[in-house]
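In: quick one, what's the 3D model for this:
(one chain, ligands or ions: 1)
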Amino acid sequence: MTLAHEAQRRRTFAIISHPDAGKTTLTEHLLLLGGAIHEAGRVKARGEARRARSDWMKIEQERGISVTSAVMTFEFHDAIFNLLDTPGHEDFSEDTYRTLTAADSAVMVIDAAKGIEAQTRKLFEVCRLRDIPIMTFVNKMDREARDPFEIVDEIADQLQLDVAPMSWPVGQGLNFRGVYDLYKDEFSVFGKDGERISSAEMVARLRPEEKDKLDEDVELVKAGLSHFDAASYREGHLTPLFFGSALKNFSVRDLLAHLAEHAPPPRAQSAKEKVVHPADEEVSGFVFKVQANMDPNHRDRVAFVRLASGRFRRNMKLTQSGTAKTIGVHNPILFFAQSRETVDEAYPGDIIGIPNHGVLRVGDTLSESGKLVFTGIPNFAPEILRRVRLSDPMKQKHLARALTSLAEEGVTQVFKPQIGSYWIVGVVGPLQLDVLKSRLRAEYGLDVELEQAPYDTARWISGSDADIEKFLDGNRGGMAADRDGAPVFLAKSAWELGYVADKNPGIKFAKTRERA
Ligand code: GDP
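Out: Got it, this is the predicted structure:
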C-alpha cells in the first residue's frame, strides 16, 4: 500500500471527559470491538498490575488515580486507530494537554446525568484552540439521565458547538428502550446486543406512548437541530452526538464506525518555515511525552513520538532538532492494549515509543534531514511554584541532574533564579508535587522539602534586545531561566505582574512557551 493510503486510514484520537464519566469503560469496549482485548475489565486490571511494579506509583494507588498515559492501537473497518490515553486526574492537566497535541480528533464523553463538567470543559478548550474535531458520546443512558434536549442545549450553549444527534433515545434508566437512528430510520434495541430492527418492527416493540413521544421528539430534532455535516465536523464547528451506555456496550459500535468513516486522517503539521504533509517522503515526527521506564532499577526512558510524515522503518536514523544528534532507531515500540511490540514500519498518525537514555525531550522534532522544527507543543505556565530545599546540601549537583531529568520528562518545570542558589519547581496541579518528591527519593535517593516560594506565577518574556535589557535592569530579582535557558519572569503576585507589564509595554509576557 502506498504511503498516502496508509496515512489516510490512520485515526489518531483521544477521549476527553471528566473523571467518572466512563472513559475507561468506553476505552475497553472500543478495544473489544477492535479485537485488541477479549474481555471487559482488562484495561483496569492491567493498570493495577503495572502499578504494583513501581514504587513512586504508590501515590496513584493510594489516591486511586491513574498518572501514566499511553497509547493503544487497534483496527476496525479497515481503519487503524491510535487511541491516546489521557490521564484523567485534573492535577495532570499539563500532561493531558500535551497529549492532545498528538491527536487529530477527540471523543468527548459526557455523563448523561451530569452534563458538561469542569474538566471536560477545560479539555474542550484545548481542542478548540487546536481545531480538533469532536464526536460526543452521552454515556450512562441506562441510568437516571437528564432530558436529552437539555443535554443538547447545554453542549450548544456552553461550548458553542452545533450539535447533530445521530440517534435519539427512547426512555432512560430502567425505562431505556434503545435509540432511533435518525439517518437510517432504524431502531437499536437496548439490552439485546444492539439488535437493529426496522422502524416498522419498532412500532410493535414500543409502547404506544413511547412511540408517540419518539415521533414528537424526532420532529423537534429534525426541525430544530443541525444535521450532520462532515465538513463542519472536521472544521470543529459541529459535533455528532451519540446516546449510549459504555458499560452495556450500547451505541459504542456506531460511534466507532462513525470515527472510521469521518474522523480526520493525520493532519498537516506546521514546522518553522514550512508545512509538513503526511504523504511527504521525509520521515518526521515530534516527541509529545516522555515516560520513565516502569522498572525503577533502570534509568531508561521511552519517548512517545507522533509520526507526522513519511514511511518510518526500523533501524533508520533520525536527527533531533536543536542538538543535531542522530539517533539510530533500532527498537521502536508500538503499543497495544496488552503488549508492546517492536515495529518494522510505521506511518503518519502512528505513535512509536523510542527507548533512550534521556536524550529525547518533550517538544523535540525528529527528522531525516534534521532540518525540521515543529511548532505548537507548548510548555504551560505553572500555577504552583515551590522552592526546593535539600536535606543534604552536599548533593546540589545531584539535585540539578535529577531535576533536569524529571523536567525533561514533563514531571515538573524547573527554573533557576539568577540570584540565589535554590531551584524553583513549577507544576500545574498540587499532586504533581507529591509525585516529584517521591520520585526524587525513590529514583535519585534525594530527600527534599518543597517550600513555599516567594513567587506566585511565572511568565516567559520576549521582546526586542533593548527592551529585554531594560527590563532585566529593573527586575533581576524576579528573573530565572527555564530548563532551556529561556528567560522567565517570576512574579510575587498577579498585582506585581500587572504592574511590571504596565511599566514595560515592549515586553510580551507569555503563559506558554513553545520549544524552539
Ligand atoms: P472514568 O473515570 O471516566 O474512566 O470512568 P470509568 O469508566 O472508570 O467509569 C466510572 C464508573 O461508571 C464505573 O463504576 C463504571 O462501571 C460506571 N459506568 C461507566 N459507564 C457506564 C454506563 O454506561 N452505565 C452505567 N450504569 N455505569 C457506567
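In: assumed M108 was part of a strand.
Out: Yes. Using DSSP: H, G, I helix; E, B strand; the rest coil, the secondary structure at M108 is a strand.
In: residues in contact with it?
Out: Each residue near M108 by Cβ atoms under 8 Å, 6 or more residues apart in numbering is listed here: I15, I16, S17, T120, L123, F124, I134, M135, T136, F137, T239. For glycine as for every other residue, the C-beta is placed from the backbone atoms N, C-alpha and C.
In: what pairs with the host helix or strand of the last one, parallel or antiparallel?
Out: Secondary structure here is read from DSSP states H and E; on that basis T239 sits in strand 238-243. On the basis of DSSP bridges, the sheet neighbours of strand 238-243 come out as strand 134-139 (parallel), strand 162-165 (parallel).
In: so, in contact with the ligand or not, the next helix-or-strand element following the shortest one?
Out: Counting by DSSP H and E, the next helix or strand C-terminal to strand 162-165 is strand 167-170. No. When contact is scored as Cβ under 6 Å from any ligand atom, no part of strand 167-170 falls within range of the ligand; the minimum is 12.5 Å.
In: what residues of the helix or strand following strand 167-170 count as buried?
Out: Beyond strand 167-170 in the direction of the C-terminus, DSSP H and E gives the next helix or strand as strand 178-181. By 16 or more other Cβ atoms under 10 Å, the buried positions in strand 178-181 come out as G178, V179, Y180, D181.
In: hmm, which two among the residues you listed are most spread apart?
Out: G178 and D181 (9.8 Å; Cβ to Cβ).
In: okay, and the common contacts of those two?
Out: F187, S188.
In: which one of the contacts of M108 is nearest to the ligand?
Out: S17 (5.1 Å; Cβ to the nearest ligand atom).
In: which residues does the closest one contact?
Out: By Cβ under 8 Å, 6+ apart, S17 lies in contact with K23, G88, M108, V109, I110, Q119, T120, L123.
In: is any residue of the strand holding T239 near the ligand?
Out: No. Using Cβ under 6 Å from any ligand atom, strand 238-243 stays clear of the ligand, coming no nearer than 10.5 Å.
In: need the contact partners of that strand.
Out: Strand 238-243 has contacts (Cβ under 8 Å, 6+ apart) with 108, 112, 133-138, 141, 148, 152, 155, 159, 161-169, 179, 226, 228-229, 232-233, 251, 254-255, 258, 262.
In: who touches the residue nearest to Q119 when sequence neighbours are not counted in this structure?
Out: Nearest residue to Q119, sequence neighbours excluded (Cβ to Cβ, 6 or more residues apart in numbering): H18, at 4.4 Å. Residues in contact with H18 (Cβ under 8 Å, 6+ apart) are D111, K114, E117, A118, Q119, T120.
In: out of the residues you listed, which end up buried?
Out: D111, K114, Q119, T120.
In: which of the residues you listed lies closest to the ligand?
Out: Relative to the ligand, the closest of the buried ones among the contacts of H18 is D111; by Cβ to the nearest ligand atom it sits at 8.1 Å.
In: looking at the closest residue to the closest one other than its chain neighbours now. What's its pLDDT?
Out: Residue nearest to D111 in three dimensions, not counting chain neighbours: A21, with 4.4 Å by Cβ to Cβ, 6+ apart. The model reports A21 with a pLDDT of 94.
In: quick check, Q8 in contact with R267.
Out: No. Assessed by Cβ atoms under 8 Å, Q8 is found out of contact with R267, at 12.0 Å.
In: which of these two has more residues huddled nearby?
Out: R267 (21 against 17; other Cβ atoms under 10 Å).
In: wait, that one sits on S105?
Out: No. Contact status for R267 versus S105: not in contact, 9.4 Å apart, counting by Cβ under 8 Å.
In: output the contacting helices and strands for the strand or helix carrying I80.
Out: Using DSSP H and E, I80 sits within strand 79-84. Other elements packing on strand 79-84 under the criterion 3 or more Cβ pairs under 8 Å, 6 or more residues apart in numbering; DSSP states H and E are strand 10-17, helix 23-33, strand 71-76, helix 252-262.
In: try it again with 6 Å
Out: Judged by 3 or more Cβ pairs under 6 Å, 6 or more residues apart in numbering; DSSP states H and E, strand 79-84 is in contact with strand 10-17, strand 71-76.
In: of those, which shows the lowest average pLDDT?
Out: strand 71-76 (a mean of 88).
In: give me the pLDDT for the residue in the stretch 51-200 of the chain that the ligand sits nearest to.
Out: Closest residue of the stretch 51-200 of the chain to the ligand, Cβ to the nearest ligand atom: K140 (4.0 Å). As predicted, K140 sits at a pLDDT of 98.
In: number of nearby residues for it?
Out: Count around K140 with other Cβ under 10 Å applied: 26.
In: what are the phi and psi values at the closest residue to it other than its chain neighbours?
Out: Among residues not flanking K140 along the chain, A112 sits closest, at 5.0 Å (Cβ to Cβ, 6+ apart). Backbone torsions of A112, given as degrees, to the nearest 10, read phi -60, psi -20.
In: what score does A112 have for pLDDT?
Out: 97.
In: ok, now the one 5 residues further on?
Out: We note a pLDDT of 92 for E117 in this prediction.
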